[in-house]
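Colleague: No sequence on hand, only this structure:
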């Protein structure tokens, strides 16, 4: 597994596709990922895993059925397991994600934006 000694912001900037996270490191049973976001992903949940967002640059809104959370550069937010959510970035946003290795990109929902773990392990 790769444990890249590079800047996560620079790695996220190098990505060409939106909503296509790439794994940059692993810690115990967790993957550290970077992604470039714009627009919205899809409503989904992760039944057995929490999902941590770290905003590297830009702004991200995470919609929930009963509220929304607005995040800016430097903010960290954990979406608890089982909670349906939809990330939305009006403008380009760069994020780092920390998730269990078992976390599926869009949970049990398979969507056109869903990326497999195999894809996420691919070259940056």
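Modeller: Yep, it's here. Every value quoted in this text rests on a predicted model; they were computed, and no experiment measured them.
Colleague: Next, the buried residues of the biggest strand by length in the chain.
Modeller: In the chain, assigned by DSSP state E, the strand with the most residues is strand 85-100. Residues of strand 85-100 classed as buried by neighbour count (16 or more other Cβ atoms under 10 Å): 85, 87-89, 93-99. C-beta coordinates here come from the backbone N, C-alpha and C atoms, glycine included.
Colleague: ditto for stretch 61-73
Modeller: For stretch 61-73, by 16+ other Cβ under 10 Å, it's 62, 71.
Colleague: Show the end-to-end separation of that stretch, please.
Modeller: 12 Å (Cα to Cα, to the nearest Å).
Colleague: Could you export the buried residues of strand 85-100 as a markdown table, including distance to residue 119?
Modeller: Below are those laid out as a markdown table (distance: Cβ to Cβ, whole Å):
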| residue | distance to residue 119 |
| --- | --- |
| 85 | 21 |
| 87 | 18 |
| 88 | 22 |
| 89 | 20 |
| 93 | 20 |
| 94 | 19 |
| 95 | 17 |
| 96 | 18 |
| 97 | 14 |
| 98 | 18 |
| 99 | 15 |
